[in-house]
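In: everything below, folded, please.
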Amino acid sequence: MIGEARAMELILSGRTVEAEEAERIGLLNRLVDDNALAAALAFAAEFTSYGLLAQRFARTAVSVALDNPVAEGLKIEAQLSTMAYRTQDAEEGMAAFAQKRKPVFRDA
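Out: Sure, this is the predicted structure:
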């Protein structure tokens, strides 16, 4: 997450990284001041409101993009997006949006 050079510097120096620095250099996503459990549950709830298939496609697109040239990553992202829009969950999501209700994804 922080790059090979910085990771090696931290490992070889043996120094401890304070939370604020870890956030600044991208070693962690966010800091919470209050109840860590409540923050973690809220963070998880944010992702569980999406369908699993859409999340899988998104993770795959990001992974592929990191390991390939931009043109190839965009091509695969377009293919995955097309696949995502052909799922039953996509139909449910669009129907729920049109009906102004929360979608009920079935991971299909």
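
In: now the phi/psi pair for the most centrally placed residue in the chain, please.
Out: Note on the chain: the residue nearest the mean C-alpha position is residue 59, at 6.5 Å, using CA atoms, centre = their mean. For residue 59, the backbone dihedrals (degrees, to the nearest 10) come out as phi -60, psi -40.

In: go ahead and confirm residue 27 touches residue 18.
Out: No - at 10.6 Å, residue 27 does not count as touching residue 18 under the criterion of CB atoms under 8 Å. Any C-beta I mention is one placed from the backbone N, CA and C, and that applies to glycine too.

In: who's more crowded, these two?
Out: The residue with more neighbours, out of residue 27 and residue 18, is residue 27; 15 against 9, by other CB atoms under 10 Å.

In: sec struct for residue 103, please.
Out: Three-state assignment for residue 103 (DSSP: H, G, I helix; E, B strand; the rest coil): coil.

In: quick one: contacts for it?
Out: With contact taken as CB atoms under 8 Å, 6 or more residues apart in numbering, residue 103 is in contact with 51, 89, 92, 93, 95, 96, 97.

In: now swap in residue 39 and tell me
Out: Contacts for residue 39 (CB under 8 Å, 6+ apart) come out as residue 32.

In: residue 51 and residue 39: what is the separation?
Out: To residue 39, residue 51 is 24 Å away according to CB to CB, to the nearest Å.

In: sorry, that was for residue 59
Out: Distance from residue 59 to residue 39, by CB to CB: 22 Å.

In: repeat for residue 15
Out: Residue 15 is 27 Å from residue 39, by CB to CB.

In: do residue 70 as well
Out: Relative to residue 39, residue 70 is positioned 34 Å away (CB to CB).

In: just residue 49 next, same as before
Out: Where residue 39 is concerned, residue 49 sits at a distance of 17 Å (CB to CB).

In: next one: residue 91
Out: Counting by CB to CB - residue 91 and residue 39 are separated by 33 Å.

In: then residue 11?
Out: Between residue 11 and residue 39 the distance is 28 Å, computed by CB to CB.

In: ranges for the strands of this structure?
Out: Taking DSSP state E as the criterion, the chain carries no strands.
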